[in-house]
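Colleague: Have a look at this prediction, sequence included:
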Amino acid sequence: MSRALVTSSRYSPGNLPGDTLQRLFVARGTLLDDALRRIESALKKGSQQFLLFVGPRGAGKTHLLALLRHRIDHDPRFEESRARLCVAPLNEEEWGIASYLDLLVRILQSIASREGGAAFEAEIQGIYRAFGQAQATVIQTAEELLTRRVGKRTLLLLCENLDEILDGLGDEGQKRWRAFIQQRRYWNIVATSPSLSRALQDRAFPFYNFFNVRHLDRLTLDEASELIRRKAEVDGKAGLATLLDSPMGRARMRAIHHLAGGNSRVYVILADFLDQESLDALWPTFQRTIDDLTPYYQDRMRQLAPAQRKIVECLCLAGHPIIVKEIAARCLMTPQTAAKQLSELARLRYVLREQHGRESWYELAEPLMRICIDVKDNRTRHLRTFVELMRRWFSADEMRDRLGVIEREPGMRRPVDRLHLEAALREHAERGGEPFLDALGEEVDASAERGEYRAAITACERLVKERGRATDFWRLARVQTKCAGLEAGLMTLRAGLEKRPGNGFLTDRLLEYLLDGGRAQEALGLLESQASDRSESLWRASLRSEILGALGRHMEACENDERILVSHRKSDVKELVQVLQRLGRTDEALQRLDRALQRKPADEDLLDTRGWLLLSLRRYEDVLANEARYTGNGSYYSCSRMTRALCGLGRHDEALQIVDHQLTGSANDARLHEARADVLLEMGRPVDALQSAQRAIELAPANGLAWWSNAKILTSLHQFEEAVEAVMQAVRFGVSAHVVVPLVWDLLDHAKPEGVVCILDALDARSGSSDETTLLRARALLDLGRFQDAWASLSTRGHATDRARHLARHPRRRGGRCRLARCGAASTGEAPEDGHPRPGQRRHCVAHREAPHRHGARARRHGARWLSPAAPRVALVAPPGPTPRRRRRGVAPGPQRPSRPDHRRMGPRPPTRHGSSRRRRGHRARAPDALGARAPRSIGRPDGAAGASARDTSAARSPRSERSSQA
């Protein structure tokens, strides 16, 4: 057939033009590139390559081989070597090969059709004449003709259905072909086969273990969606391509994926139903396909033993994976017999086996076989495949509406639709469930992960309207929170509680939202209003502890945790471990986990919990020992724990090797690229880390943690503008405030207050303000000189003066505390009781009139007081009496020294021989307080009596300062 006349073909993709083949090619790129590299190696090094692609009917073998031939003919990499290559492509169905001589003649005819030449064709005809005269020497004549034609070139044979060709050759023909291939080193073969026949698997046959076998995996949902999208573009169906980008279209694509089972041909057939939505229009095409394939599958069934046929029929009628015990019961055989037959069927690639725990689940390897057997079942008028398609294509309400329209409209004759809609509604009444709405819910989650919030909200609203489950309201609340902020999510959860009053799931989610939004008091009120005589669930009791802790009522939180351990001692171990961890009783938590693991040594959830607990305690060697017990070492979470532990031990190279090993099997896992970026950053390779982080963002643009990792790396590279943008994206895609805030402090320390304010605006709009973000905002506004806004920001949280003092003592504050006091300089001229300025005040120091803002801390140490703007600048403001001065311990006070000059204005400070100048003046490192922050230094009092300093309080010393004083 002329390729110019064909634009689409379900059975003969080899007739398609090359550009169409390339546009419709998905999921097999790795196999194609490997085959091209091997052919290129054969041309350069003279090696022999024998490849065999194995896959069921409709898996894309013909498409792969046709595109391989097209690339060889047109790829620039073969431009120079093409003259040294002799390609012989055989037809997809070579029915005329019944002997070794037939194979040689077909190869010669294929070469003649590509290269032409009347003399060569005459020599081929001479083989036919010689066969009637001298049959004994005709095979040698054909072999010599092929050898002369190939010459010094490399022969590449492209053939399909190799199993049928070998069956046609017979044992004698296979031996002669194998011997000829070994004698002549110009042979290279790329072949396909629907299965590995006995001639390829039995040791007694010549071609046993001869080919490099490559199995064609079933298409995933994403790959199938990409195939249908490309086909819609080739066919000019722009509407269908747009539909596939919506959650509704992807949910229906899940229905096709369930029925097609990864088979490319079934996807192409059922894709017409995506935009037509009528089985009457789909039925003729579908019936022709089944009629064409039925003889092939009937022949395959005849090759099986009776017990194996019974098992295959059972799997066809089941339509979903089932376990051995159930198969044995349905087939009236013992489980041992069923297991033995299933193992043989799996070896022959009739069935697929998937292990889940201790159970093995089996299903048919070829979905088309299931459909063909289903069509031959005369016990029902309807087709089970179409009934399942209806149930997964429409919700129950939609099916009722469509059936009502067909019944009300006499002129609308859709017998196939009506028959299968009625059967689908009967099955829905018997089995229940909403497969379409379940698939739509999964697509909502996937759309939210990709950042497609508007489309996800539209689909969620349909779920809430048609089904109205508590999980549907929660889905909608999560998406609305990411799109429109915390308030939108809270409104949805409250609406769900109005529709489903007293629902515990929605109440727990609302409590979590209030707690995350900094509304702990409101959460506590809701919790008290929901209290009843019955005991609280473990989850809600744990939430109560977190809420009390957020309100600063730590004693009550600890008492509540103690009650949890008593009242829920037989509850889920993982939840109790979190309670013990909050109480600081980590040893007891580990003991509970170890006792639970003695009962269930292979419980992955328990091992996960134990691994995270050990990691939080920085017991890195124990983490590695825990992972050695974990049976799922291929999981991302296990890889994450191992890499963090190895980095904690300083074994960064091993951590990088683990991540790279995981990437070989999951190259498109964005989380692994993110983990690789973190490891490279720990190794001091920020440029390489940035490449991995950007790759993670390419794979998952809506992954907030990937953006956060990118922001960390950009900050280390001092690319602060880009880092601010990355943090904004991380906030947009849901990274929590407690993760973002430390990085925002770093950006603020590098003089990026404008970007910090924008980040905080996004954080507050999403989840509300907190004490930490309020202090951070005040600090950024101070750096921008917006003192009134800083004071107003603190006032919104209450206790503004206390907040200002806390901000002054924040461990990340740099460069003195004089500007911090401006937080209260807004309106009055009175000095506060704690020594901070009131609004409108400024401090002036006689020694440094030119830059008073740089020496406020020193002025306070010497007893300077605050002045209003009207006070004369030349007056020395100091209390009567001697001025306290710092001295070393055990040294009597001497005459007062003048103030030190400002070296920041007069040039660099001269080097010292005995440690830093701060240590010589008596400064000591401050010990961390209970919350991990440094203990604050006391602020000088206005009456001249300085408070207790860190150096005079032994309890506040760090070990380092203690050693210094002893020395």
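Modeller: Yep, it's here. Every value quoted in this text rests on a predicted model; they were computed, and no experiment measured them. Residues are numbered from 1 along each chain as shown.

Colleague: going forward, measure contacts between C-alpha atoms and count neighbours the same way
Modeller: Noted.

Colleague: what's the domain layout of this structure?
Modeller: Taking automatic domain parsing as the domain assignment, the ranges for the chain are 3-215, 219-276, 278-379, 380-433.

Colleague: closest to residue 515 out of these?
Modeller: domain 219-276 (30.9 Å; C-alpha to C-alpha).

Colleague: how about JSON lines for the domains of the chain, with mean pLDDT added?
Modeller: Shown next, in JSON lines, are the domains of the chain (pLDDT from 0 to 100):
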{"stretch": "domain 3-215", "mean pLDDT": "86"}
{"stretch": "domain 219-276", "mean pLDDT": "81"}
{"stretch": "domain 278-379", "mean pLDDT": "81"}
{"stretch": "domain 380-433", "mean pLDDT": "75"}
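
Colleague: of all these, which lies closest to residue 680?
Modeller: domain 3-215 (27.5 Å).

Colleague: winner for burial among the domains of the chain?
Modeller: domain 219-276 (a mean of 19; mean count of other C-alpha atoms under 10 Å).

Colleague: The lengthiest helix in the chain: what's the following helix or strand?
Modeller: If each helix of the chain is counted by residues according to DSSP state H, the longest one is helix 279-302. Sequence-wise, the next helix or strand downstream of helix 279-302 (DSSP states H and E) is helix 306-318.

Colleague: which other helices and strands contact that following helix?
Modeller: Using 3 or more C-alpha pairs under 8 Å, 6 or more residues apart in numbering; DSSP states H and E as the contact criterion, the elements in contact with helix 306-318 are helix 324-331, helix 335-347, strand 359-364, helix 367-375.

Colleague: what does it contact?
Modeller: 301, 321-322, 327, 330-331, 338, 341-342, 345, 350, 362-364, 369-371, 373-374 (C-alpha atoms under 8 Å, 6 or more residues apart in numbering).

Colleague: could you dump it to PDB, C-alpha only?
Modeller: Output of helix 306-318 as PDB, limited to C-alpha atoms (Å, rounded to 0.1, in the frame of the first residue of the first chain):
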ATOM      1  CA  PRO A 306      -7.300 -28.300  29.200                       C
ATOM      2  CA  ALA A 307      -6.500 -27.200  32.800                       C
ATOM      3  CA  GLN A 308      -4.700 -24.200  31.500                       C
ATOM      4  CA  ARG A 309      -7.600 -23.300  29.200                       C
ATOM      5  CA  LYS A 310      -9.900 -23.400  32.100                       C
ATOM      6  CA  ILE A 311      -7.700 -21.000  34.100                       C
ATOM      7  CA  VAL A 312      -7.400 -18.600  31.200                       C
ATOM      8  CA  GLU A 313     -11.100 -18.500  30.700                       C
ATOM      9  CA  CYS A 314     -11.600 -17.900  34.400                       C
ATOM     10  CA  LEU A 315      -9.300 -14.900  34.300                       C
ATOM     11  CA  CYS A 316     -11.000 -13.600  31.200                       C
ATOM     12  CA  LEU A 317     -14.400 -13.700  32.900                       C
ATOM     13  CA  ALA A 318     -13.100 -12.200  36.200                       C
END
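
Colleague: Just want the angle from it to helix 324-331.
Modeller: 100 degrees (axes from the mean of the first three to the mean of the last three C-alpha atoms, to 10 degrees).

Colleague: What is the distance between helix 306-318 and the centre of its chain?
Modeller: 38 Å (C-alpha atoms, centre = their mean, to the nearest Å).

Colleague: quick one on the thing from earlier: tell me which of the domains of the chain sits nearest to residue 490.
Modeller: Nearest of the domains of the chain (C-alpha to C-alpha): domain 219-276, 23.8 Å.

Colleague: what about the helices in the stretch 101-250 of the chain?
Modeller: Using DSSP state H, counting those that start in this stretch, the helices of the stretch 101-250 of the chain run over 118-133, 135-150, 162-183, 198-201, 221-234, 238-243, 247-260.

Colleague: and the longest one with helix 135-150, angle?
Modeller: Which is helix 162-183. Using the same axes, to 10 degrees: helix 162-183 against helix 135-150 is 80 degrees.

Colleague: Could you point out which residue ranges in the stretch 751-900 of the chain have low pLDDT?
Modeller: 767-768, 796-900 (pLDDT under 70).

Colleague: what ranges do the helices span in the stretch 501-650 of the chain?
Modeller: 504-516, 520-529, 538-550, 554-567, 573-582, 586-599, 604-616, 620-629, 636-648.

Colleague: Give me the buried positions along the second one.
Modeller: By neighbour count with 16 or more other C-alpha atoms under 10 Å, helix 520-529 contains the buried residues 520, 523-524, 527.

Colleague: and what of the fourth one?
Modeller: Judged by neighbour count (16+ other C-alpha under 10 Å), helix 554-567 contains these buried residues: 557-558, 560-561, 564-565.

Colleague: can you redo those as CSV with distance to residue 643?
Modeller: Shown next, in CSV, are the buried residues of helix 554-567 (distance: C-alpha to C-alpha, whole Å):
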residue, distance to residue 643
557, 34
558, 33
560, 36
561, 32
564, 34
565, 33
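
Colleague: Taking those residues, tell me the two that lie furthest apart.
Modeller: 557 and 565 (12.6 Å).

Colleague: quick revisit: dump the buried residues of helix 520-529 to a markdown table, plus pLDDT.
Modeller: What follows is the buried residues of helix 520-529, written out as a markdown table (pLDDT from 0 to 100):
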| residue | pLDDT |
| --- | --- |
| 520 | 84 |
| 523 | 87 |
| 524 | 88 |
| 527 | 86 |
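
Colleague: Stretch 568-588 spans what distance, first to last residue?
Modeller: One end of stretch 568-588 sits 15 Å from the other (C-alpha to C-alpha, to the nearest Å).

Colleague: Closest to residue 726 out of the buried residues of helix 554-567?
Modeller: When the buried residues of helix 554-567 are compared for distance to residue 726 (C-alpha to C-alpha), residue 557 wins out at 36.6 Å.

Colleague: what's the spacing between the closest residue to that closest one other than its chain neighbours and residue 612?
Modeller: Distances taken as C-alpha to C-alpha, 6 or more residues apart in numbering place residue 545 nearest to residue 557, at 4.5 Å, with adjacent residues excluded. According to C-alpha to C-alpha, residue 545 stands 21 Å off from residue 612.

Colleague: These two: who's more crowded?
Modeller: Higher neighbour count among residue 545 and residue 612: residue 545, with 23 against 17, using other C-alpha atoms under 10 Å.

Colleague: List the contacts of that one.
Modeller: If you count contacts by C-alpha under 8 Å, 6+ apart, then residue 545 has 556-558, 560-561 around it.

Colleague: now the residues you listed as TSV including pLDDT?
Modeller: Converted to TSV, these look like this (pLDDT from 0 to 100):
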residue	pLDDT
556	88
557	85
558	87
560	84
561	83
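
Colleague: Output these as a markdown table; include the columns distance to residue 118.
Modeller: A markdown table is the format used below for these (distance: C-alpha to C-alpha, whole Å):
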| residue | distance to residue 118 |
| --- | --- |
| 556 | 99 |
| 557 | 96 |
| 558 | 96 |
| 560 | 96 |
| 561 | 94 |
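
Colleague: Out of those residues, which is nearest to residue 287?
Modeller: residue 561 (65.3 Å).

Colleague: nearest to residue 165, of the contacts of residue 545?
Modeller: Using C-alpha to C-alpha, the contacts of residue 545 come closest to residue 165 at residue 561, 73.5 Å.

Colleague: my guess is that closest one contacts residue 583, does it?
Modeller: Yes. Applying C-alpha atoms under 8 Å, one finds residue 561 in contact with residue 583, separated by 7.3 Å.
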